[in-house]
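[1] Could you look at this predicted model? Sequence included:
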Amino acid sequence: MISVLYVDDEEISRYLSKFVLEKQAPDMSIIALSSPVEAMVYLKLNPVDVVVSDYYMEPVDGLSFLVMVRQHYTSLPFIMLTAQSKESVAITALNEDADYFLKKNPENPSQTYNELEHMIRSSIEKRLQEKSILKLKASLLALKQTAG
């Protein structure tokens, strides 16, 4: 089961996303929370596979939340969503190590959810591959040190 922490301060969007994603991807369990502060408390107590966050939230926005997550969970996949089309927000999110940035498409919500599902799966796979590479490098280094 893939555990997704979904953070959005808009109640309707939060619960609609939970419903659609769980119906579309039965192997995903969506934990829907209303604030980054609540999400950080949840993360301290519960492991998740990926975080999905809206950008525009009050009083802590998605970029600030991303920075908080990266301070404590450097390898946790993070996907930023927004209805805003500001390129500067996307650039900042990616510079802060968001795995993906997705602009919501109100004209075609099913496309947004399909893309989001793909991003969730891809970001988890990417992080697993990175961990495998690090383990392989450590094993090779240890082998080199014992041989030489």
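    Great, that's in hand.
[2] Would you agree residue 122 falls within a helix?
    Yes. Counting by DSSP: H, G, I helix; E, B strand; the rest coil, residue 122 is found in a helix.
[3] who's in contact with it?
    Residue 122 is in contact with 99, 100, counting by Cβ atoms under 8 Å, 6 or more residues apart in numbering. Heads up, the C-betas are built off the backbone N, CA and C, glycines and all.
[4] distance of residue 126 from residue 53?
    Residue 126 is 18 Å from residue 53, where distance means Cβ to Cβ, to the nearest Å.
[5] So if I had to pick from these two, which one is more boxed in?
    Neighbours per residue (other Cβ atoms under 10 Å) separate residue 126 from residue 53, with residue 53 holding more: 25 against 13.
[6] Note down every partner strand of the strand or helix carrying the more buried one and its orientation.
    In the assignment (DSSP states H and E), residue 53 maps to strand 50-54. Applying DSSP bridges, strand 50-54 is found paired with strand 2-7 (parallel), strand 78-82 (parallel).
[7] now those strands as JSON lines including mean pLDDT, distance to residue 60 and mean neighbour count?
    Formatted as JSON lines, these follow (pLDDT from 0 to 100; distance: least, Cβ to Cβ, whole Å; neighbours: other Cβ atoms under 10 Å):
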{"stretch": "strand 2-7", "mean pLDDT": "98", "distance to residue 60": "10", "mean neighbour count": "22"}
{"stretch": "strand 78-82", "mean pLDDT": "95", "distance to residue 60": "13", "mean neighbour count": "23"}
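[8] hang on, isn't residue 6 packed against residue 16?
    No. Using Cβ atoms under 8 Å, residue 6 is not in contact with residue 16, being 10.6 Å away.
[9] Name the spans of this protein whose pLDDT lies under the cut-off.
    The chain contains residues with pLDDT under 70 at 85, 148.
[10] Centroid-nearest residue for it?
    Centroid-nearest residue in the chain: residue 78, 2.4 Å away (criterion: Cα atoms, centre = their mean).
[11] quick one, what contacts that residue?
    Contacts of residue 78 by Cβ under 8 Å, 6+ apart are 50, 51, 52, 53, 66, 69, 70, 97, 98, 99, 123.
[12] Dihedrals phi and psi, the nearest residue to the first one once chain neighbours are set aside?
    Of all residues beyond its chain neighbours, the one nearest residue 50 is residue 77 (4.2 Å), with distances taken as Cβ to Cβ, 6 or more residues apart in numbering. Torsion angles at residue 77 (phi, psi; degrees, to the nearest 10) stand at phi -60, psi 140.
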